[in-house]
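Novice: Fold the following and give me the result.
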Amino acid sequence: MMRRKLHYSCVNCGFEGAVAVKGLDKLLWVVILAIVWNAWLFHHVGMEWEALGACVFALVCGWAAFKLPRWVECPACRWKHPLDALEEKGR
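Specialist: Got it, this is the predicted structure:
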């Protein structure tokens, strides 16, 4: 998972401290890279339409991966708090 520490104060139990941001799994990026690799292989053997389709699919998957939600889980009470883009940049 993408690990990045943020200062967090839980509104549920009052815990304050640094916690990891959870969300996007690294395996998803490996799958997207495998799609790009297949696109290159399609191009290498002359299957241009399939290569174009795989490239477009990989780009759409990469865009969607950035849109997946991220959250912070309180270590004391296990309450999950979703993060939006403004909240994540502001901390």
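
Novice: What pairs with the helix or strand V21 falls within, parallel or antiparallel?
Specialist: Taking DSSP states H and E as the criterion, the element that holds V21 is strand 16-22. The partner list of strand 16-22 in its sheet, established with DSSP bridges, is strand 5-9 (antiparallel), strand 70-73 (antiparallel).

Novice: What ranges does this structure have for its helices?
Specialist: 26-44, 48-67, 85-90 (DSSP state H).

Novice: between the second one and helix 26-44, how big is the angle?
Specialist: What separates the directions of helix 48-67 and helix 26-44 is an angle of 160 degrees, with axes from the mean of the first three to the mean of the last three C-alpha atoms, to 10 degrees.

Novice: Which strands or helices does helix 48-67 pack on?
Specialist: Using 3 or more C-beta pairs under 8 Å, 6 or more residues apart in numbering; DSSP states H and E as the contact criterion, the neighbours of helix 48-67 among helices and strands are helix 26-44. Any C-beta I mention is one placed from the backbone N, CA and C, and that applies to glycine too.

Novice: For the helix it packs on, which helices and strands make contact with it?
Specialist: Secondary structure elements in contact with helix 26-44, counted by 3+ C-beta pairs under 8 Å, 6+ apart, are helix 48-67.

Novice: Just the residues contacting the helix it packs on, thanks.
Specialist: Defining contact as C-beta atoms under 8 Å, 6 or more residues apart in numbering, one finds that helix 48-67 is touched by L24, L28, W29, V31, I32, I35, V36, N38, A39, W40, F42, H43.

Novice: Give me the outermost residue of this structure relative to its centroid.
Specialist: Ranked by distance from the centre of the chain (C-alpha atoms, centre = their mean), the top residue is G46, with 32.6 Å.
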